[in-house]
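Colleague: Using only what follows, build the 3D model:
(4 chains)
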Number of protein chains: 2
Amino acid sequence: MSAPLVSILDDEPEIRAILTEALEEAGFRTQSFSRAREFEAALQRVTPDVCLVDLSLPDTDGLALVHRLALERGAKVIIISGRAQVQDRVTGLELGADDYITKPFDPAEVVARIRARLRAGRAAPQSGQTARFNGWTAHFDRYVLEDDSGAETPFSHAEGEVLRLFLDSPKRLISRAQMQDALGGAAGESFDRAMDVRISRLRTKLREDPKNPRLIKTIYGAGYIFLGDVGWG
Amino acid sequence: MSAPLVSILDDEPEIRAILTEALEEAGFRTQSFSRAREFEAALQRVTPDVCLVDLSLPDTDGLALVHRLALERGAKVIIISGRAQVQDRVTGLELGADDYITKPFDPAEVVARIRARLRAGRAAPQSGQTARFNGWTAHFDRYVLEDDSGAETPFSHAEGEVLRLFLDSPKRLISRAQMQDALGGAAGESFDRAMDVRISRLRTKLREDPKNPRLIKTIYGAGYIFLGDVGWG
DNA sequence: ACCCCTTTGTAACAATTCGTAAGGTTTGGG
DNA sequence: CCCAAACCTTACGAATTGTTACAAAGGGGT
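Modeller: As a prediction, the model looks like this:
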């Protein structure tokens, strides 16, 4: 599966350059155009995963273009515009745009919003979620841990919560208070022990050596650290 | 088909009032909460089409809540926050939010952005007659399940209700309370067991391995998840 | 009306999950 | 080196869920 393709349509060369650089660094394939005509010609060939469209184009009515793109072709469209009035944003969104970003913008936010659109597009918003780390593959949709040899070990919901928390913040200290919050536990003396048990059970399934844990490390008096090179997908 | 349901979670009464009024005028059903705990309790019963969540909540870490909502439950989340830094927006979106609106906001834009989410989602319940999933074809007009080899197994009305509920929301957690609602069961001690039996019988017809169900997964204390790539038609 | 079959809820028992308690082990300061 | 606090692990039990057996309810054909 190749990287998502993002099309950029903007008449300012500088904007195109900034966006192209930020998007390629973020791992997207890009394609940029200065005129609507070229852009629509390219659409005959490929359908981009997301289109970034500037409204103030010299050779066409931007809103009409957005409308055609979004409602007729079903493309995901993010408007990038210098017009910042609420009314502009509302009409842009009502016409079918998926998002509306005003100039000046921060490239990082553009990337984040593109990712949000891609995520939403998937049939299964929350799952198909798998993470690889150090020979293991965690399938959160099936609640299964897969060995590097392909052997599978099921894990429970409670164990999954802990594992997900770790995989979201690898190589970073996670305090017990943070866990308590993330795992929805009521603050209390007793919940500490419950968390211990959850972690203990997770360690067992990850076949950790109690004497020498390689993945889930305890930091005495501070919390835990999950070591492991995590890749989501 | 009833109006989409929007849940509002914000600790400021005035904000809740403004949003509620604007949304109801726009034709949505609304439901608002001041505390995360109440909000999560309500989620046991219904899954809103869109959740508007304020990050600065007194009783929990808002970001962790968003993460749980978006990634684990597959809900559509729009963050409404007073924090306007780019970094805040990026982390909010990366954690799974579908959109990020900063205060002060214009209610009209909020409505437009909610509509954009609903349009993109289109997870609306299907009313088609047949659905394909993982080698099976369900014919709701004939009350028959068709094998990938063409062999047919009849299913009853009660089993069909459960199956349709699953097929309408694949790969998403469905709580028992939601089922009870959808299947018209009175909330009571005894109906719980009846649902278990319905699911057990459906599992049998889908030839699920009791030890390792591949399609209907139980999440202890939370509900069920139907895994399967569903295509209607 | 009678019989037989299907459907579906209820009851009873088995299996699983997960927090709690209890006892053991490790850590780090004095 | 000693001790208290922090942490790990095991066992147990309450709650949750699965499965089977059974009975009530309904439908069609004779």
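Colleague: May I have the helix or strand where residue A:197 lies as PDB, with CA atoms only?
Modeller: Following DSSP states H and E, one finds residue A:197 within helix A:189-205. The C-alpha trace of helix A:189-205 is given here as PDB (Å, rounded to 0.1, in the frame of the first residue of the first chain):
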ATOM      1  CA  GLU A 189      -5.500   3.000  47.200                       C
ATOM      2  CA  SER A 190      -6.900  -0.200  45.800                       C
ATOM      3  CA  PHE A 191      -6.800   0.700  42.200                       C
ATOM      4  CA  ASP A 192      -3.000   0.800  42.300                       C
ATOM      5  CA  ARG A 193      -3.000  -2.900  43.000                       C
ATOM      6  CA  ALA A 194      -5.400  -3.500  40.200                       C
ATOM      7  CA  MET A 195      -3.100  -1.800  37.800                       C
ATOM      8  CA  ASP A 196      -0.200  -3.800  39.000                       C
ATOM      9  CA  VAL A 197      -2.100  -6.900  38.200                       C
ATOM     10  CA  ARG A 198      -3.000  -5.700  34.800                       C
ATOM     11  CA  ILE A 199       0.600  -5.000  34.000                       C
ATOM     12  CA  SER A 200       1.700  -8.300  35.400                       C
ATOM     13  CA  ARG A 201      -0.700 -10.100  33.200                       C
ATOM     14  CA  LEU A 202       0.300  -8.100  30.200                       C
ATOM     15  CA  ARG A 203       3.900  -8.900  30.900                       C
ATOM     16  CA  THR A 204       3.200 -12.600  31.100                       C
ATOM     17  CA  LYS A 205       1.600 -12.400  27.600                       C
END
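Colleague: List the residues that contact residue A:21.
Modeller: Applying C-beta atoms under 8 Å, 6 or more residues apart in numbering or on different chains, we find residue A:21 in contact with residue A:107. (Each C-beta comes from the backbone N, C-alpha and C, glycine too.)
Colleague: That one and residue B:129: what is the separation?
Modeller: 50 Å (C-beta to C-beta, to the nearest Å).
Colleague: Residue A:96 falls within a strand, correct?
Modeller: No. Looking at residue A:96 with DSSP: H, G, I helix; E, B strand; the rest coil, it is coil, so not inside a strand.
Colleague: what about it, how many residues close to it?
Modeller: A count of nearby residues for residue A:96, using other C-beta atoms under 10 Å in any protein chain shown, gives 22.
Colleague: before we move on, what about the one 4 residues further on?
Modeller: Residues lying near residue A:100 (other C-beta under 10 Å) number 25.
Colleague: and it, bridged to which residues?
Modeller: Beta bridges link residue A:100 to residue A:79, judged by DSSP bridges.
Colleague: Now do it against residue B:47, distance only.
Modeller: Using C-beta to C-beta, residue A:100 is found at 27 Å from residue B:47.
Colleague: re earlier: could you see whether DNA strand D lies near the helix holding residue A:197?
Modeller: Yes. Helix A:189-205 reaches DNA strand D (C-beta under 7 Å from any atom of the strand) through A:192, A:193, A:196, A:197, A:199, A:200, A:203, A:204.
Colleague: What score does the last one have for pLDDT?
Modeller: Right, residue A:204. You'll see residue A:204 listed with a pLDDT of 94.
Colleague: what does chain A put close to DNA strand D?
Modeller: Contact residues, chain A versus DNA strand D (C-beta under 7 Å from any atom of the strand): A:176, A:192-193, A:196-197, A:199-200, A:203-204, A:210, A:218-223.
Colleague: If you rank those by neighbours, which is first?
Modeller: Neighbour counts for those peak at residue A:199, which has 19 neighbours (criterion: other C-beta under 10 Å).
Colleague: thought that one was touching residue A:213?
Modeller: No. The pair residue A:199 / residue A:213 is not scored as a contact, 10.0 Å apart, by C-beta atoms under 8 Å.
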